[in-house]
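> Okay, here's the prediction I keep looking at, along with the sequence it came from:
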Protein chains: 2
Amino acid sequence: MKNNKLVKIGILGLGVVGSELVSLIRKNALRIQLETGVKIEISKVYVRTMHKTRDIELTGLKLTTDSAEIINDPTISIVCECIGGNGFEQSARIVEACLKQKKHLIMSSKKTLAKYANTLLDAAYQNKVALKYDATVGGGIPIAKVLEHSFKGDELTRIYGVFNATSNFIYSKMYDKQQSFDSALKEAQDKGYAENDPSDDVNGFDSLYKLVILTMFGIKKIINPDLINPESFTHINVKDMEYAHELGYRIKPLSALAVQRGGYSCKVSPFLVPEKHLVAQATDNFNAIIMEGKKCGELGFYGQGAGAGPTATAMFDDLISLFSPCDNIDIYPYSLVDKGKVDDLPSRYYLRYTVKNEAGILSKISGLLASLDINIERIIQKIENTDDIEIVMLTSRMNKTTLENIQTICKSKNLTIPAVYPIVD
Amino acid sequence: MKNNKLVKIGILGLGVVGSELVSLIRKNALRIQLETGVKIEISKVYVRTMHKTRDIELTGLKLTTDSAEIINDPTISIVCECIGGNGFEQSARIVEACLKQKKHLIMSSKKTLAKYANTLLDAAYQNKVALKYDATVGGGIPIAKVLEHSFKGDELTRIYGVFNATSNFIYSKMYDKQQSFDSALKEAQDKGYAENDPSDDVNGFDSLYKLVILTMFGIKKIINPDLINPESFTHINVKDMEYAHELGYRIKPLSALAVQRGGYSCKVSPFLVPEKHLVAQATDNFNAIIMEGKKCGELGFYGQGAGAGPTATAMFDDLISLFSPCDNIDIYPYSLVDKGKVDDLPSRYYLRYTVKNEAGILSKISGLLASLDINIERIIQKIENTDDIEIVMLTSRMNKTTLENIQTICKSKNLTIPAVYPIVD
C-alpha cells in the first residue's frame, strides 16, 4: 500500500474547473502521499492559449498549447480533461488519443462524453484503462456513486427529474413572479446560474446529455443522444403554468428515461408534474432527480446546480480512486443501445387548444379524441377574448403516433394546439 | 487481478437478512469469480438454534451454534454480521472477537454498531482490518456512499431528516386520517412497516442510532448515543399537528445533527418542519434526509424504508468492495466526541399552553417570555371548553436551559405546557 510510487498526471484545460483541480491537488498532495503512498505530480497542462491572465499561481506548472506533448508522454499515466463543452469534437479527439496511449482518463465535460461515449468507452475497454466520469454529472447532487453502487442487486426502471438548474430557475421565476422567459434568463445570467451562451441549457441538450450519462452509470448502456430530439424548454407560456396549477400540477423542464420490455424511452420536454411531487418542490436553481428500481421503489435526490468547485471535487475523488486500481477499471464493455430500441413510451398529455368561440366546438374536439380511443380525464375552458376560447385538457395515455395524428387532424380542421406537454405519472 | 484466490467467509445469523445474503452470494458467486478472480465460499453460519424451519436451502451450509467456530477459524477472512438488534451485547462481543482475529467485518445491525462503535472501530483499526457498515443505514436510501465520498472536499454542517419509516407512517396516518397513535401503529404493523416490538422505532432510539452512524460516515466522529436522550415520538397529539398546519408547518419525527464551533448538537424529537420543505413532503413509509455542506448547500434524499432485500444487497456490495483491499480499509482512526462537546444548540420552539380562561392570561405568559428575552413570533388562541383555552405560539431561538426555565416557572404558576417541539429552520 505504501509503495511511494510517483504518478505523473496531465491536465487538459486550465479554466475554472482546471484551476480548481490544480489547487485541490496542490493542497492535498502531501496528505495523499501519506495515506496512499502515491506521490502525485502535475506533469503538464494543455491550454488553448498561453496569453491569458489566470487566477492561479503558475510557478511549477508546465503549460503547453500542443496536446501531443501530453498524449505522447509515456511518463504521464493519468489525464484529467477540464476542457468543457466548447470544442467538444477536439477534446474528444485528444481524450481518445490519450486512452489509446493507455492513460487513465478523468473527464468533466458532459457534452464531450455524451456525444462520444461509445468511442471513448470502447477505447478505454480495449486499452484496459479507466475512464472515470463522475464529474460530468457531478452537479450539486452526487448521484453517480449511488447509481453505480446501489442498483447492483436491483433493476433500474426509470430515471427522471429536473437536471438543468438554469431552466428550472427560469421556470420558477416565470411562475412565481410572472416574469417572461427572457427576463428570467437574464436574471439567471446575472446570478451566475446561466452561461453567456445558454442554448444547450434552455434547448434541453444539457438535460439530454446528463440523462445519457446517468443511463451509462445505471445500466452500462449507451444511448446515442443524436437519436433523441429534446423539446426546447423555451416555448413555454406562463398561462400554461397557471392552468397546470389549476389542475394540480407544476410545469417543469424535465428529462425522463424509462426502461421497459427491452426498450428505452428518452424524453426531454417541459412536463406536468403533480404539485406534491418531489420534482415539483425543487424550485430556483435546485435540481431534483428520481430513480426508480424494481425493488427499491422511488429514490429521490435534490440539491443545487453545481459550479467549478463541486466538479473539480468530483474529479479529485475520481483521481484518488484510481490509486486503488483493482476496483476501478470497468471490466465489462458498455453496450450501445440499438436505434430501434429507443422509443417514446405512451404518456398522458396536457393539451391546450385555442379555438374560435362557436357552438359545438367542444364536442368536435372531444369527438375527435374519442374516435382515437383517447379519454379526456380533466378539462377546463377559458374565455380568452370575445372571439376565442381556450380549452385545456388532460388526456389518457397515448403514444407519439396517436399524438401526431391528433395534431395533424386538428391542423386540417383549423384547430390549433399551442401547448402540448407530457405528464409525469 | 484474476488470481483465483479462495476467500472463505463466515456468516453470523440466518434470519431474513442472513438468508437473503446467502442467496445473493450463491446467485452471484460464479460471476464474481469471473470478474474478480475471487472464489467466495460460505464456510460456516452461526445460528442461535438449529431447531428452526428456515426459508432457505441448507444443503452445503455448515451451521453452528458456537460462534467460536467462526471466531477461531483462521481460514475465514471475512465475517458478515446479520444478527440484528436483539442481543446486541452478545453480537458486539462476537464481532469484536472476530476483528481481533484479524477478520474483515461487514455489519448490518445499527444498534450493535451505534452502541459499540468506539470499541469495534478501534479493534478494526488496531488489527488493520476493514469494518464495513453501509448496510446498517442501508435503508431505502443509499446515502452512506454519498456521505463518505462527497464531502471530502466540503465540510458537513448538518444532517437531519425523517430516518424512521415506522414513526413517519404513524404520523402521516394521524394527520391525514385523524387516527390515534395506537391504531396507526397497529396499521403499520399489519403492513409490515413496524416490528412486533416497535419500542426502538417509536421512542426515537432507531433514529438516534442512524444519526450516530451517519455522523461516522460523514465526519469520522463517534458520538456516544448514550449521551443523548431522544424525545419519544409517542407523546403526540393530532391537535398539535393541526395547529402546526395552521401555522404552515408539519410535525415530523426527526433526527438532527448540527456541527458548529467545534461542538455537536444531536436532537431526536417531533419537530415542526415548514410545509414546503422536502422533509415535510415525505409521508407514509418514506424517509427523507437532508445533508448540508458549507460548499454544496442542502442535498436532499428520499426513499422508502428498507427491508431485508436492500440490507442484504448493501452487505453484498460491501463484500465485493473488500476484494479491492487497497481502497477499503479505513486508514484513519475514528475519534470519539467528548461528552462536553455534545450539546443542544438553540432552536425556535412551538409551545402549546392549556390554561384557565381568565383575564390577563396572555399577558402573563408573554410577560414571562419577554422577561427571558424570548420573542413570540406567531400566536394562535383556541377555546378548548368554557373553562380552558389553548394558546399556541412559535418562539424565537432559545437554548435548552432557557426552555427548562420557562417550564419550571410556568409549572410554579400552574400553567401547563403539554406540547413543546423544536422547529427546523
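Alright, I've got the coordinates.

> Now do the same contact list for A:Ile143.
A:137, A:214, A:217, A:289, A:291, A:301 (Cβ atoms under 8 Å, 6 or more residues apart in numbering or on different chains). Using the backbone N, CA and C atoms, a C-beta is placed for each residue, glycine as well.

> And A:Tyr353, by the same measure?
A:365, A:390-393, A:410, A:415-417.

> same thing with A:Val420?
So A:Val420 contacts A:349-352, A:403, A:407 (Cβ under 8 Å, 6+ apart).

> In JSON lines: these, plus neighbour count, pLDDT and distance to B:Ser207.
Below are the contacts of A:Val420 laid out as JSON lines (neighbours: other Cβ atoms under 10 Å in any protein chain shown; pLDDT from 0 to 100; distance: Cβ to Cβ, whole Å):
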{"residue": "A:Tyr349", "neighbour count": "22", "pLDDT": "96", "distance to B:Ser207": "42"}
{"residue": "A:Tyr350", "neighbour count": "23", "pLDDT": "97", "distance to B:Ser207": "40"}
{"residue": "A:Leu351", "neighbour count": "23", "pLDDT": "96", "distance to B:Ser207": "46"}
{"residue": "A:Arg352", "neighbour count": "21", "pLDDT": "95", "distance to B:Ser207": "46"}
{"residue": "A:Leu403", "neighbour count": "21", "pLDDT": "94", "distance to B:Ser207": "47"}
{"residue": "A:Gln407", "neighbour count": "15", "pLDDT": "93", "distance to B:Ser207": "52"}
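
> between those, which is nearest A:Tyr116?
A:Leu403 (32.2 Å; Cβ to Cβ).

> Assign that closest one to helix, strand or coil.
helix (DSSP: H, G, I helix; E, B strand; the rest coil).

> That one - nearest residue in space that isn't next to it in sequence?
Excluding the flanking residues, the one nearest A:Leu403 by Cβ to Cβ, 6 or more residues apart in numbering or on different chains is A:Tyr349, at 6.5 Å.

> Equivalent analysis for A:Pro74, please.
Distance criterion Cβ to Cβ, 6+ apart; nearest residue to A:Pro74, sequence neighbours excluded, is A:Gln101 at 7.6 Å.

> Next one: the one you found from B:Pro418, what distance?
Here the criterion is Cβ to Cβ, to the nearest Å. By it, A:Gln101 lies 73 Å from B:Pro418.

> what does A:Ser19 give?
Taken as Cβ to Cβ, the span from A:Ser19 to B:Pro418 is 58 Å.

> that older thread, tell me which of A:Gln101 and B:Pro418 has more neighbours.
A:Gln101 (17 against 13; other Cβ atoms under 10 Å in any protein chain shown).

> Which strand or helix spans the residue nearest to A:Phe88 when sequence neighbours are not counted?
Sequence neighbours aside, A:Thr112 is the residue nearest to A:Phe88 in space, at 4.2 Å (criterion: Cβ to Cβ, 6+ apart). For A:Thr112, the element it lies in under DSSP states H and E is helix A:110-126.

> Let me see the contact set for A:Ser265.
Taking Cβ under 8 Å, 6+ apart, one finds A:256-258, A:342-345 in contact with A:Ser265.

> Mind giving me the ChimeraX command for buried ones among these?
To isolate the buried members of the contacts of A:Ser265 in ChimeraX, using 16 or more other Cβ atoms under 10 Å in any protein chain shown:
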select /A:256,257,258,342,343,344,345
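
> circling back to that earlier point, which of the contacts of A:Ile143 are buried? Put it as a PyMOL command.
Buried residues within those, by 16+ other Cβ under 10 Å, are selected in PyMOL with:
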select buried, chain A and resi 137+214+217+289+291+301
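
> and chain B, which of the contacts of A:Ile143 contact it?
A:Phe301 (Cβ under 8 Å from any Cβ of the partner chain).

> Compile the contacts of A:Ile143 into a markdown table and extend it with columns for secondary structure, pLDDT and distance to B:Lys128.
Formatted as a markdown table, the contacts of A:Ile143 follow (DSSP: H, G, I helix; E, B strand; the rest coil; pLDDT from 0 to 100; distance: Cβ to Cβ, whole Å):
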| residue | secondary structure | pLDDT | distance to B:Lys128 |
| --- | --- | --- | --- |
| A:Val137 | helix | 87 | 35 |
| A:Leu214 | helix | 91 | 37 |
| A:Phe217 | helix | 87 | 32 |
| A:Ile289 | strand | 91 | 38 |
| A:Met291 | strand | 90 | 36 |
| A:Phe301 | strand | 88 | 35 |
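
> tell me which of the contacts of A:Ile143 is nearest to chain B?
If you rank the contacts of A:Ile143 by distance to chain B using Cβ to the nearest Cβ, A:Phe301 comes first, at 5.5 Å.

> Compute the distance between that closest one and A:Cys266, please.
20 Å.

> Please report the distance of A:Tyr133 from chain B.
15 Å (Cβ to the nearest Cβ, to the nearest Å).

> and A:Asn164, what does it touch?
A:201, A:204, A:206-207, A:210, A:233, A:253, A:255, A:287, A:305.

> now do 6 Å
By Cβ atoms under 6 Å, 6 or more residues apart in numbering or on different chains, the residues touching A:Asn164 are A:201, A:206-207, A:253.

> and what of A:Ile94?
Counted by Cβ under 6 Å, 6+ apart, A:Ile94 has contacts A:Ser67.

> for it, phi and psi?
phi -60, psi -50 (degrees, to the nearest 10).

> per-residue confidence at it?
As summarised for this prediction, A:Ile94 has a pLDDT of 97.
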